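S.K.: no sequence for this one, just the structure:
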């Protein structure tokens, strides 16, 4: 579970690290986007949607770290 909002450089670094360094084949990444508005972030998220290992959950509610993660676990 990776919560994010408009920090594409950090998100890209984390995602690419998982893709490049993990040897484990049975994994999935759930990104919870908490209302990103930056065009570069939105373009990167769009590019990830076609990857079968990545799921993106859109969450535009006010920021609450615990709620975001609890919602992700439910998904």
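M.R.: Yep, that arrived. Given the structure is predicted, the values throughout are model-derived calculations rather than measurements.
S.K.: All the helices of this structure, residue numbers only.
M.R.: Counting by DSSP state H, residue ranges of the helices within the chain are 8-21, 39-48, 65-74.
S.K.: Run through who's touching the last one.
M.R.: Under the criterion CB atoms under 8 Å, 6 or more residues apart in numbering, residues 1, 3, 30, 32, 34, 57, 59, 61 lie in contact with helix 65-74. Quick note: C-beta positions are derived from backbone N, CA and C, even for glycine.
S.K.: which parts of that helix are buried?
M.R.: 68, 71-72 (16 or more other CB atoms under 10 Å).
S.K.: quick one: residue 13 from residue 7, how far?
M.R.: Plainly put, residue 13 is 10 Å away from residue 7 if you go by CB to CB, to the nearest Å.
S.K.: what residue is smack in the middle of the protein?
M.R.: Nearest to the mean C-alpha position of the chain, by CA atoms, centre = their mean, lies residue 31 at 2.2 Å.
S.K.: What pLDDT does the model give that residue?
M.R.: Residue 31 carries a pLDDT value of 97.
S.K.: which ones are touching it?
M.R.: Shown in contact with residue 31 (CB under 8 Å, 6+ apart): 2-4, 11, 15, 45, 48, 54-57.
S.K.: and which of those is nearest residue 21?
M.R.: residue 15 (11.2 Å; CB to CB).
S.K.: ok, the closest one touching residue 27?
M.R.: No: counting by CB atoms under 8 Å, residue 15 stays clear of residue 27, with 11.9 Å between them.
S.K.: Can you pull out the low-pLDDT segments for the chain?
M.R.: For the chain, no stretch is flagged by pLDDT under 70.
S.K.: rewinding a little: who's more crowded, residue 15 and residue 27?
M.R.: Neighbour comparison, residue 15 and residue 27: the larger count goes to residue 15, with 19 against 8 (by other CB atoms under 10 Å).
S.K.: tell me the contacts of that one?
M.R.: With contacts defined as CB under 8 Å, 6+ apart, residue 15 is in contact with 2, 29, 31, 48, 54.
S.K.: What of residue 41?
M.R.: Residues near residue 41 by CB under 8 Å, 6+ apart: 4-8, 11.
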